[in-house]
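>>> quick one: sequence plus predicted model below, questions after.
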Amino acid sequence: MFKDEKISKFILENKIEIENIKPLCKHFEKCGGCIFQNISYRTEKEIKLKIAEKNLNFINNLKLTFFESKKRIYYRNRMDYSIVRKDNDILIGLKEYGKWYEVVNLDECYLLSEETSEILKRTKDFIIKNNLEAYDLINKTGNVRYIVIREGKNTKKRLISIIVKESFPIEKYSEEMKDMANSFVLAINDTLADVSFGRIEKYIGETFSEKVLDKEFIIPPFSFFQSNTEMAEIMIKEAKEFLDGKSLADLYCGVGLFGISFAENFEEIIGVEIDKEAIKAAKLNSIINGIKNASFVEAKVEDKIKDIKSDFIVVDPPRAGLSNKVIKGIISNKNIKKILYYSCNIETFARDLKKLSKNFKIHENIKIFDQFPLTKHFELLAFLEREE
Ligand SMILES: C[S@@+](CC[C@H](N)C(=O)[O-])C[C@H]1O[C@@H](n2cnc3c(N)ncnc32)[C@H](O)[C@@H]1O
């Protein structure tokens, strides 16, 4: 029924009634980008709610609130497309569902914006015209590997990063593509890892930024930022009812989105993040937004958790969730009285809440933000208060 067997099984087991629709994109069958294009948004919402409910049924009086995304297409502010060589052809697009070595060449893509197809087509033409070699994923040879496009939905800025193994005429490319973006980055990834970031060699044009509510955030080319700006605004607004404390520690803070957005509610805030570039940006972001009570530390949360003096923490870990060391650190650090837990992974979220529930009461109202329509993913928010 669906490309994802686990989801298909879940739908059958839970007798969810599917309302089918015609997929919008001609690449839907093969492409790994979206899996829910063939069902209505009503059904997508029902599936996501059911998944959340099943995973969180250990919470007393559980009440789930689902925040729909106003846009089901063109909602993302970042997309990473592979550039590969196959036989004598160059393909630019997303991986085939479940196949790291196959790329679906995309003539259209509905996740970022209408201009995407033109950017991808002109980039391919540029590679061909300039005799550049695209990367061969299987033999691990070749040069041009990824194009990453970031868009400030509210600033109307666009940044195009090209990731290569060796070299790329980025000045010439930026000149030819200047009607499509206001900044360009050339980055080198000469490792065997198939990742869409690298060592920045050149940054041409404006500093990239996005506005979220009344704050502006500088975002380095490869640092994390919430990928659906409109939903990020709702995620911030919906946390406000829980913000009550003296000092806030924003753990896994990225470029400071939550800490800076919540700064006026606390006497002081501190952000902790492992990505050096994100921390540099977070410091700048507090300055450009006139925030005077913030400091940011480049560190692993694991190494800082025992020293946190704040009574209120926000955690927004990567998909793997909180490590055992962080969970133990939170439980044994008695300064910490309240936790806001944001997560993009229902399984690790449920696992961590269970572990924390021995010492913290989980507020029954769990919020679901549909950051990623057309995919199986969604964002969650829980509020916890220490019980001992
Ligand atoms: C889901 S993102 C959240 C970022 C930020 N809260 C935001 O909303 O933009 C997770 C962040 O955690 C960082 N990270 C991953 N592992 C970490 C660790 N062990 N300690 C500190 N930061 C970590 C990543 O670099 C990434 O910026």
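In hand now; what should we look at?
>>> okay, and the closest residue to residue 2 other than its chain neighbours sits in which element?
Nearest residue to residue 2, sequence neighbours excluded (Cβ to Cβ, 6 or more residues apart in numbering): residue 8, at 4.7 Å. Bear in mind the C-beta positions are built from the backbone N, C-alpha and C, glycine included. Using DSSP states H and E, residue 8 sits in helix 5-13.
>>> what comes up buried for that helix?
For helix 5-13, the neighbour count (16 or more other Cβ atoms under 10 Å) marks 7, 10, 11 as buried.
>>> what is the nearest of those to the ligand?
residue 7 (22.4 Å; Cβ to the nearest ligand atom).
>>> the closest one and residue 209, how far apart?
36 Å (Cβ to Cβ, to the nearest Å).
>>> how about residue 329?
33 Å.
>>> okay, helices next: where are they in the stretch 51-200 of the chain?
Secondary structure of the stretch 51-200 of the chain (DSSP state H, counting those that start in this stretch): helices located at 116-129, 170-176.
>>> let's have the ones you listed in a markdown table, adding mean pLDDT and mean neighbour count.
Converted to a markdown table, the helices of the stretch 51-200 of the chain look like this (pLDDT from 0 to 100; neighbours: other Cβ atoms under 10 Å):
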| stretch | mean pLDDT | mean neighbour count |
| --- | --- | --- |
| helix 116-129 | 98 | 17 |
| helix 170-176 | 98 | 16 |
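>>> what's the closest of these to residue 293?
helix 170-176 (38.8 Å; Cβ to Cβ).
>>> ok, back up a step: CA atoms of the helix holding residue 8 as CSV?
The C-alpha trace of helix 5-13 is given here as CSV (Å, rounded to 0.1, in the frame of the first residue of the first chain):
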residue,chain,number,x,y,z
GLU,A,5,6.2,-1.4,5.0
LYS,A,6,6.1,-0.5,8.6
ILE,A,7,3.5,2.2,7.9
SER,A,8,1.5,-0.1,5.7
LYS,A,9,1.4,-2.7,8.5
PHE,A,10,0.5,-0.1,11.1
ILE,A,11,-2.5,1.1,8.9
LEU,A,12,-3.8,-2.4,8.5
GLU,A,13,-3.4,-3.3,12.1
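>>> ok so, going back, and of the buried residues of helix 5-13, the nearest to residue 124?
Taking the buried residues of helix 5-13 together and measuring to residue 124 by Cβ to Cβ, the closest member is residue 7, at 32.3 Å.
>>> please name the nearest non-neighbouring residue to the closest one.
residue 376 (5.7 Å).
>>> neighbours of that neighbour, how many?
For residue 376, the tally of surrounding residues (other Cβ atoms under 10 Å) stands at 19.
>>> secondary structure element holding it?
Residue-wise, residue 376 maps onto no helix or strand under DSSP H and E.
>>> tell me the phi and psi of it?
phi -80, psi 0 (degrees, to the nearest 10).
>>> mind listing what it touches?
By Cβ atoms under 8 Å, 6 or more residues apart in numbering, the contact list for residue 376 reads 4, 7, 35, 36, 47, 48, 51.
>>> my guess is the first one contacts residue 34. True?
By that I understand residue 4. No. Assessed by Cβ atoms under 8 Å, residue 4 is found out of contact with residue 34, at 11.1 Å.
>>> the more surrounded of these two?
residue 34 (25 against 17).
>>> ok, back up a step: show me what the helix holding residue 8 is packed up against.
Applying 3 or more Cβ pairs under 8 Å, 6 or more residues apart in numbering; DSSP states H and E, we find helix 5-13 packed against helix 41-55.
>>> this completes my enquiry, with thanks.
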